[in-house]
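Participant: just coords:
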Ligand SMILES: Cc1cc2nc3c(=O)[nH]c(=O)nc-3n(C[C@H](O)[C@H](O)[C@H](O)COP(=O)(O)OP(=O)(O)OC[C@H]3O[C@@H](n4cnc5c(N)ncnc54)[C@H](O)[C@@H]3O)c2cc1C
Ligand code: SF4
């Protein structure tokens, strides 16, 4: 039997998704369902002076309007609201808690009605009077108030001095505006009473995180709340923390003792988390020979007034490049906005963008080829920790990517390549992310008919978790993939961390391997118990499960069919639950890497930019499924195109409001903006990172893409744009 | 969303009768703009009079040698109609550069003329906006105005009319057929949309109790030398930062007649007789095009974020005239600017 691992298996849930059989959080219906509609604050800061709900309550079909005044009891301690990934410092937002307004779009009332339309019209009739207070929402205007937090990487040597005396220097500031995730599926939660217990269908990347959070906020016992999220129409980090609509749905259900659904509108989703706007200051000093002497990276990023959210923007240089002197600083500015949050490759998408543009600028200052400079500065060890990598095929990424792209034909001179009315530019960048593993429990139930159910509380946020789990289980259990059913997205299933950080594939698959080993051991016991067993004396690692049989690894003729082993042992099922072993091993750095090559064509007169070619060469350990992996990286590249050219949440700081809170005006790439994308997976065997050699692919696809494009735009036009997005008016001085 | 009544109009006379009895009623055709406005609480009609079933769906040649387009013809059907593709390709290309296929399937010819501005503040009821709430102020003048106008603006409003189709109709000098309680009348396209002045709440000279029944195209379609070029922040499915409709009649490389209209820059499709006159008798070269551009942009004024539109428009005009002169019109399926 051919191995499923490594094969381009189509999504096992594909059919359910395209036929509509797959249900999402806002699609679970029960008789008597109540619909909740959120009334949002129109101001960014102040207090609610008065709320008049009388007109809303008169609307036919309206049952109640919950506000901070009449909501059911909620705890008054911060701790009760801290979910698994809440920032360490701060006081999490509590929906409908009191009269305080912390950000525009904050829910101030929840209208509960027999139907969605009634709730919606009534919501427009809730009159709120505010006591406004002065607000701040502009990072640039407030940057002098930035305060430092612990940077993830320690300083080395004297970076400032080394920079001052370096032969070649480059220092500049880069800017990435606020971006919103905009997943296709709207955030929704449906809270349903079942035998006095609550089942909550929630759009979330972590059912157990939400379950624990709800138990804590509503002082309920673990077995009184079950959270389900079988499918998710995109998360990208927006669904890592419990979002406010889940609290509102449960508040409503508790208040009315009825099932309640709260679904947000697209516009309302702009009051959830976002990728924080950040100013990234890079200072690189090099010897004239092109080795780094000094590396400084400072980030100033946005958080809310009430929580300190920060990710590692600055530390990536330590993974990519050697430099004897280095300094990293991370600062935050508190603004009257919701708390920023994780968004695909948080920290890296932004930090590596700046770092890789700065490396390009340094290469120009050195008159060096950008790839050559990176190879010269290549670090074989994590510079901060001084430890080797479990594996690092980044050199191969540069080489294979460059070869595929045709980089050797590049004329380094800006504006030297053209085609008709367009200037052609070629740029490149590196990408880096982490290869993490988290403790995860997987349960396998093997039944005598040769079917197995594999279960854990993970969410498949659209990445293909169902599929890779089925592949790995099929291989490990020696069964056809059609005999495997995967159960996910239910808090009552075995423990699993949030789906984020690119750690799910490695965590879940290694847990499957361990659990399957347990199943194998159980089967072997049964087989050995058979009369004249051909497997007598074999240990669990002497046998494998292949083609429905327990087979000796040494002598394939010695085998017992799974069915007869179970039959003889009178076992109609074997159930096992095991955890992956997450080594607490600090002796190696665990990372994935990539090299991105981009071609842009820029209309010389009009400044219109097209990204005509991208090659993304990725080294990410074992690739479980080239098909889903390819999609994952290609999606990352498309997002990178958006980050480079289109995406920006536009604020009017006078009002503290988002002005383009819809996907017609919040631009992301459409088909016309996407041309040729080539994904290469560089072979990267890794026996250290984890037994299966899996590193994860969720984030790496976007990292570095915007930098490669920005560098290509410079090469095409001779104009360096450091503020994203690169719009035509930044490339050309029109007037 | 507000509760409203829904009725269907049986014929044009019925539609007029219905709207006369209820001044806060609104016609609904494709609904692609009106429904959004209702959802945003910008519009709150007491009644929606559905005119989408009116028998105004034909595209027919007129005795005068032009074409009469029913107000209910969907944008998609119009763009792909053989008469339009063949004789008025400028119009076809303009339509296809707008919105998305799904929206064009729903959007009607009449509705396209009457779509409201996309000014961010107009859609956000938490901000002042003279067009939405006369007298409340214009947030865009000192605000986020990348997409706003540079020509024909007023202190009261700097909104643009966002249509692509209308830019081509302006260049082609179409006529709008309308019917009201007083009977039918026609409005020259140039007189249909208004400048904001101090009444930005009024986009057009159509009376509230009138209905658009048809658009008439004159015989001349400029099907040899034309182009519609739309410059935007992504290559499809975005409103124009600047768009240009250019149509030329040439004798060799001498310009016998010229039409030039801009979209995305004003409260109405922007034309100038001086600009078109400046092209007459000229050779099709960049100098002549640049002169026309300067005439057309005469008096243009930026408001900060949209300053770049002036220079961009100038270059876009020159490029579009060049495409038209060469007989190489811009095509949306190119995925690039010609
Ligand atoms: C996301 C998005 C992107 C878009 N992008 C573009 C673009 O790039 N370029 C572009 O040109 N357009 C674009 N559009 C706008 C689209 O073209 C218009 O919404 C559409 O043409 C309106 O036609 P409709 O029939 O749907 O009008 P409706 O929404 O039905 O009506 C609009 C208005 O016209 C009135 N009305 C309609 N028909 C008549 C009539 N016969 N007589 C009198 N009054 C009438 C209605 O009462 C209403 O006030 C976009 C729209 C959306 C939502
Ligand atoms: S430009 Fe016009 S539509 Fe925009 S805010 Fe000002 S008045 Fe309103």
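Facilitator: Alright, I've got the coordinates. Note that this is a predicted model, so its numbers are computed, not measured. Ligands and ions are numbered 1, 2, ... in the order given.
Participant: and chain A, which residues reach ligand 1?
Facilitator: Contact residues (C-beta under 6 Å from any ligand atom) of chain A with ligand 1: residue A:664. To be clear about C-beta, it is placed using only N, CA and C from the backbone, and glycine gets the same treatment.
Participant: what helix or strand is the residue of chain A found nearest chain B on?
Facilitator: The nearest approach of chain A to chain B comes at residue A:734, 2.8 Å away (C-beta to the nearest C-beta). Residue A:734 is part of no helix or strand when elements are defined by DSSP states H and E.
Participant: Please verify my assumption that residue A:36 contacts residue A:258.
Facilitator: No. Here residue A:36 lies out of contact with residue A:258, judged by C-beta atoms under 8 Å, at a distance of 10.8 Å.
Participant: what's the burial count for whichever residue of chain A sits closest to ligand 1?
Facilitator: Nearest residue of chain A to ligand 1: residue A:664, at 3.7 Å (C-beta to the nearest ligand atom). Burial of residue A:664 is recorded as 16 neighbouring residues (other C-beta atoms under 10 Å in any protein chain shown).
Participant: got it, and the one 4 residues further on?
Facilitator: Residues lying near residue A:668 (other C-beta under 10 Å) number 18.
Participant: The nearest residue to it once chain neighbours are set aside: what's it in contact with?
Facilitator: Spatial nearest neighbour of residue A:668, excluding adjacent residues (C-beta to C-beta, 6 or more residues apart in numbering or on different chains): residue A:642 at 4.3 Å. Residue A:642 makes contact with A:667-669, A:725, according to C-beta atoms under 8 Å, 6 or more residues apart in numbering or on different chains.
Participant: thinking again about what came up before, quick check: the residue of chain A closest to chain B touching residue B:315?
Facilitator: Yes. Using C-beta under 8 Å, residue A:734 is in contact with residue B:315, at 7.4 Å.
Participant: So which of these two has more stuff around it?
Facilitator: Neighbours per residue, other C-beta under 10 Å: of residue A:734 and residue B:315, the larger number sits with residue B:315, 22 against 19.
Participant: Helices of the stretch 1-150 of chain B, start to end?
Facilitator: B:12-21, B:34-39, B:75-80, B:82-87, B:89-96, B:101-106, B:109-114 (DSSP state H, counting those that start in this stretch).
Participant: Off-centre distance for the first one?
Facilitator: Right, helix B:12-21. Remark: helix B:12-21 is offset 26 Å from the chain centroid, using C-alpha atoms, centre = their mean, to the nearest Å.
Participant: Give the buried residues for it.
Facilitator: B:12, B:15-16, B:18-19 (16 or more other C-beta atoms under 10 Å in any protein chain shown).
Participant: neighbouring contacts of that helix?
Facilitator: By C-beta under 8 Å, 6+ apart, helix B:12-21 touches B:7, B:9, B:25, B:27, B:47, B:49, B:51, B:54, B:56, B:179-181, B:208-211, B:213.
Participant: From the residues you listed, keep the buried residues only.
Facilitator: Applying 16+ other C-beta under 10 Å to the contacts of helix B:12-21, the neighbour count classes B:9, B:25, B:27, B:47, B:49, B:51, B:54, B:56, B:179-180, B:209-211, B:213 as buried.
Participant: Just the ones of the residues you listed in strands?
Facilitator: Counting by DSSP state E, the part of the buried ones among the contacts of helix B:12-21 found in strands is B:25, B:27, B:47, B:49, B:179-180, B:211, B:213.
Participant: what would the residues you listed look like in CSV with pLDDT and distance to residue A:610?
Facilitator: Listed next are those as CSV, based on pLDDT from 0 to 100; distance: C-beta to C-beta, whole Å:
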residue, pLDDT, distance to residue A:610
B:25, 97, 46
B:27, 98, 40
B:47, 97, 47
B:49, 98, 44
B:179, 98, 46
B:180, 97, 48
B:211, 98, 43
B:213, 98, 42
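Participant: Check those and tell me the two furthest apart.
Facilitator: Greatest spatial distance among those (C-beta to C-beta): B:47 and B:213, at 20.4 Å.
Participant: can you list the domains in chain A?
Facilitator: Here the domain assignment for chain A is A:18-134+A:183-265, A:278-436+A:586-731, A:438-580, based on automatic domain parsing.
Participant: can I get the buried residues of helix B:12-21 in TSV with distance to residue A:294 and pLDDT?
Facilitator: Formatted as TSV, these follow (distance: C-beta to C-beta, whole Å; pLDDT from 0 to 100):
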residue	distance to residue A:294	pLDDT
B:12	77	98
B:15	75	97
B:16	77	97
B:18	76	96
B:19	73	96
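Participant: can those residues go into CSV with extra columns for distance to residue A:477?
Facilitator: Below are the buried residues of helix B:12-21 laid out as CSV (distance: C-beta to C-beta, whole Å):
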residue, distance to residue A:477
B:12, 71
B:15, 68
B:16, 73
B:18, 69
B:19, 70
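Participant: what about the residue nearest to residue A:439 when sequence neighbours are not counted, how many residues close to it?
Facilitator: Spatial nearest neighbour of residue A:439, chain neighbours left out: residue A:582 (5.3 Å); criterion: C-beta to C-beta, 6+ apart. As a burial measure, residue A:582 scores 17 neighbours (other C-beta under 10 Å).
Participant: need the contact list for residue A:582.
Facilitator: A:437-439, A:507 are the contacts of residue A:582 under C-beta under 8 Å, 6+ apart.
Participant: Check residue A:127 too.
Facilitator: Listed by C-beta under 8 Å, 6+ apart, the contact set of residue A:127 reads A:50-52, A:55.
Participant: ok, and which of those residues reach chain B?
Facilitator: Filtering these for proximity to chain B by C-beta under 8 Å from any C-beta of the partner chain leaves nothing.
Participant: By neighbour count, which of those wins?
Facilitator: For these, the largest neighbour count, defined by other C-beta under 10 Å, is 21 neighbours, found at residue A:51.
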